[in-house]
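Asker: sequence and predicted model, in that order:
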Amino acid sequence: MTFYFVFILLIVITIILRKKPILISASGLLAVGIGETASLFQGVQVVFRALLSTATDFLPIILLIGLVVGMTNMLKDTGTDWVMSRPFLKIQRAALIYWIFGIALWLLSLFLWPTPAVTLLGAVILPTLGNTRINPLGLAIGLCIFGEGMGLAGDYIIQGAPGLLAKSAGVGVEQIIRASIPLVFGSGLIAAFIGFWRFSGLNKQSPQDKPKDLGLQDKEKQEEKDEKGPGQKIRKENILALLIVFVFLTTVISLLKSGLRGDSATAVTGGITLFILILGTLFWNYKSSLNAFVKYIQEGMRFSMEVFAPIVVIAGFFILGTQEGNETILLQSGQGYLEKLSLILSGMIPLNLLTCSLIVVFAAVLGAMSGSGFSALPLVGGLAAALGHAAGLPVIPLAVLGQVAAIWTDATIIPWGFPAVVSAVTGTESAIIVRNNVLPWISALAWILVWTMCSVK
């Protein structure tokens, strides 16, 4: 256990120094594995199981991002990206782009959950970023805030998060949802306006910045192409753009009506993206479609693997500290390191409203470090119930505090969490997104902590 938290400290220091902690994470896996098993042979097996378990968890996202990027490259080659992003190019104020995409992602996240929602929206985001002078980092900050921050912190439509929290805390789902409303909307509005401030500042500093080279076409090149007249290719671009918009709108409506959510919605999004990639490749030039399709798949998967390969290593280290990691990676029963530390602290500190609230927030942050805010919910729910009963405090406010804190943490400051998905969609680096998300995250946590302290009597 000591080894584990020493390496967490080293990882935090490395991130503060703006270095990549991948080597330290891998070394930590090996050290903890050998220390727990007292065997080099079994220790190296722990490392592989951690990487395998994490890669399995990330595989749906890796495939989905790869397909989205492959489809985006197809849109670029056909010029369809320009047609699809043209309505947004007419918007003179970049501020409207921030709020339009942000609110659209928030609404989609309520019905589909953040990951499939942001990848669906990515079909429009990537072309728009490629053909405008908007700084992609500023938009990435907003997507983290509106997507998982506001969308999943309350989870009012699907109710997966409040349902899991209510079960672990032993209270009603309706009570959790009702108590979370001021925390979610208050923290969301504060973070959204701070994110907008960062968005505006980044656009003023370097509005010409583009996403990573995803093969997107520059606005100037497309303008030259448009000047050549509405030939056959222009007609094909318009037809293909209309077809893609129709398919995606139909997909969203069908998902809402069918009730498919979470992983099922992700699977539908991936399948539809592949369908569009096949259709667009054949429609544009069926003679070269065989070779072109392979190129798009390779480019998309190469980009996705490049983004997520280091994330798999560092996420594997933090998953090792959860109860799930303790059981599936170390092959031991009982609580993980993160849960044990939270319970130890709760037994060492005098219990009152302030200390209970801080312990719950601390446990939520620790639990979310695995890259999933959901993984922290059983911990904070059970801890809130235990602390509430021991200190004579109401359980529901403490449990909701933990839920919102865990989701905001994963949404904004965990590079291998939701920012990793946003970085792939916007062509930015998750570590840079996280550094810019620190202020919105702190502000959100400050709001929910103050509100909880003032509302509990």
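Answerer: Cool, got the structure.

Asker: what residues of stretch 238-257 count as buried?
Answerer: Of the residues in stretch 238-257, 240-241, 244, 247-248, 251-252, 255 count as buried by neighbour count, 16 or more other CB atoms under 10 Å. (C-beta placed from N, C-alpha, C; glycine too.)

Asker: out of the residues you listed, which comes closest to residue 39?
Answerer: residue 255 (48.1 Å; CB to CB).

Asker: mind putting the buried residues of stretch 238-257 into CSV with pLDDT, secondary structure and distance to residue 148?
Answerer: Listed next are these as CSV, based on pLDDT from 0 to 100; DSSP: H, G, I helix; E, B strand; the rest coil; distance: CB to CB, whole Å:
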residue, pLDDT, secondary structure, distance to residue 148
240, 83, helix, 31
241, 81, helix, 29
244, 82, helix, 26
247, 84, helix, 25
248, 78, helix, 21
251, 80, helix, 21
252, 75, helix, 18
255, 74, helix, 18
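
Asker: out of the residues you listed, what pair is the most spread apart?
Answerer: Largest separation among the buried residues of stretch 238-257 by CB to CB: 240 and 255, giving 22.5 Å.

Asker: can I get the helix or strand hosting residue 14 in PDB, CA atoms only?
Answerer: Using DSSP states H and E, residue 14 sits within helix 2-16. Extracted C-alpha coordinates of helix 2-16, given in PDB (Å, rounded to 0.1, in the frame of the first residue of the first chain):
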ATOM      1  CA  THR A   2       2.900   2.400   0.800                       C
ATOM      2  CA  PHE A   3       4.400   1.800  -2.600                       C
ATOM      3  CA  TYR A   4       1.200   2.700  -4.300                       C
ATOM      4  CA  PHE A   5       0.800   6.100  -2.700                       C
ATOM      5  CA  VAL A   6       4.500   6.900  -3.100                       C
ATOM      6  CA  PHE A   7       4.100   6.500  -6.800                       C
ATOM      7  CA  ILE A   8       0.800   8.500  -6.800                       C
ATOM      8  CA  LEU A   9       2.900  11.400  -5.300                       C
ATOM      9  CA  LEU A  10       5.500  10.900  -7.900                       C
ATOM     10  CA  ILE A  11       2.900  11.000 -10.700                       C
ATOM     11  CA  VAL A  12       1.400  14.200  -9.300                       C
ATOM     12  CA  ILE A  13       4.800  15.900  -9.100                       C
ATOM     13  CA  THR A  14       5.600  14.800 -12.700                       C
ATOM     14  CA  ILE A  15       2.300  16.300 -13.900                       C
ATOM     15  CA  ILE A  16       2.900  19.500 -12.100                       C
END
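
Asker: next secondary structure after it?
Answerer: Taking DSSP H and E, what comes next after helix 2-16 is helix 22-37.

Asker: surely residue 195 touches residue 140?
Answerer: No - using CB atoms under 8 Å, residue 195 is not in contact with residue 140, being 9.6 Å away.

Asker: okay, now the nearest residue to residue 418 once chain neighbours are set aside: neighbour count?
Answerer: Spatial nearest neighbour of residue 418, chain neighbours left out: residue 148 (4.3 Å); criterion: CB to CB, 6 or more residues apart in numbering. Neighbours of residue 148 under the rule other CB atoms under 10 Å: 30.

Asker: re the thing from before, hmm, who's touching the helix holding residue 14?
Answerer: If you take CB atoms under 8 Å, 6 or more residues apart in numbering as the criterion, helix 2-16 is touched by 20-21, 24-25, 27-28, 31-32, 35, 314, 317, 320-321, 337, 341, 369, 415, 431.

Asker: what's the angle between it and helix 22-37?
Answerer: Here the directions of helix 2-16 and helix 22-37 differ by 170 degrees (axes from the mean of the first three to the mean of the last three CA atoms, to 10 degrees).

Asker: is the nearest residue to residue 279 once chain neighbours are set aside in a helix, a strand, or coil?
Answerer: Counting by CB to CB, 6+ apart, residue 243 is the residue found nearest to residue 279 once chain neighbours are left out, at 7.2 Å. When classified by DSSP: H, G, I helix; E, B strand; the rest coil, residue 243 comes out as helix.

Asker: do I have it right that residue 64 meets residue 272?
Answerer: No - applying CB under 8 Å as the test, residue 64 and residue 272 come out as separate, 10.6 Å apart.

Asker: who's more crowded, the two?
Answerer: Set residue 64 next to residue 272 and count neighbours by other CB under 10 Å: residue 64 wins out with 27 against 22.

Asker: backbone phi and psi for that one, please?
Answerer: The phi and psi values for residue 64, taken as degrees, to the nearest 10, are phi -60, psi -50.

Asker: count the neighbours of the residue lying closest to it once chain neighbours are set aside for me.
Answerer: Distance criterion CB to CB, 6+ apart; nearest residue to residue 64, sequence neighbours excluded, is residue 270 at 4.7 Å. Residue 270: 20 surrounding residues under other CB under 10 Å.

Asker: need the pLDDT of residue 270.
Answerer: We have a pLDDT of 82 for residue 270.

Asker: report all helices and strands that the helix or strand containing it contacts.
Answerer: With elements taken from DSSP H and E, the one containing residue 270 is helix 262-284. The elements that helix 262-284 packs onto, with contact taken as 3 or more CB pairs under 8 Å, 6 or more residues apart in numbering; DSSP states H and E, are helix 40-78, helix 114-130, helix 232-258, helix 289-319.

Asker: contacting residues for residue 57?
Answerer: For residue 57, the contacting residues are 315, 319, by CB under 8 Å, 6+ apart.

Asker: how far away is it from residue 390?
Answerer: Applying CB to CB, to the nearest Å, the value for residue 57 to residue 390 is 34 Å.

Asker: for residue 364, same thing?
Answerer: Applying CB to CB, the value for residue 364 to residue 390 is 18 Å.

Asker: comparing these two, which shows the higher neighbour count?
Answerer: Remark: of residue 364 and residue 390, residue 364 carries more neighbours, 29 against 12, as counted by other CB under 10 Å.

Asker: hang on, the more buried one packs against residue 406?
Answerer: Yes - the criterion here is CB under 8 Å, and residue 364 meets it with residue 406 at 3.9 Å.

Asker: where do the contact lists of those two overlap?
Answerer: Contact criterion CB under 8 Å, 6+ apart; residues shared by residue 364 and residue 406: 376, 380.

Asker: in contact with the closest residue to residue 51 other than its chain neighbours, which residues?
Answerer: Closest residue to residue 51 apart from its sequence neighbours, by CB to CB, 6+ apart: residue 316 at 5.2 Å. Contact analysis of residue 316 by CB under 8 Å, 6+ apart lists 25, 29, 50-51, 53-54, 329.

Asker: which residues sit in contact with residue 155?
Answerer: 110, 161-162.

Asker: if we go to 7 Å?
Answerer: When contacts are counted by CB atoms under 7 Å, 6 or more residues apart in numbering, residue 155 touches 161-162.

Asker: look up phi and psi at it.
Answerer: phi 50, psi 60.

Asker: about what we covered before: winner for burial among the helices and strands packed on helix 262-284?
Answerer: helix 114-130 (a mean of 26; mean count of other CB atoms under 10 Å).

Asker: can you list the helices and strands that it packs against?
Answerer: Judged by 3 or more CB pairs under 7 Å, 6 or more residues apart in numbering; DSSP states H and E, helix 114-130 is in contact with helix 40-78, helix 80-89, helix 94-112, helix 136-144, helix 232-258, helix 262-284, helix 418-426.
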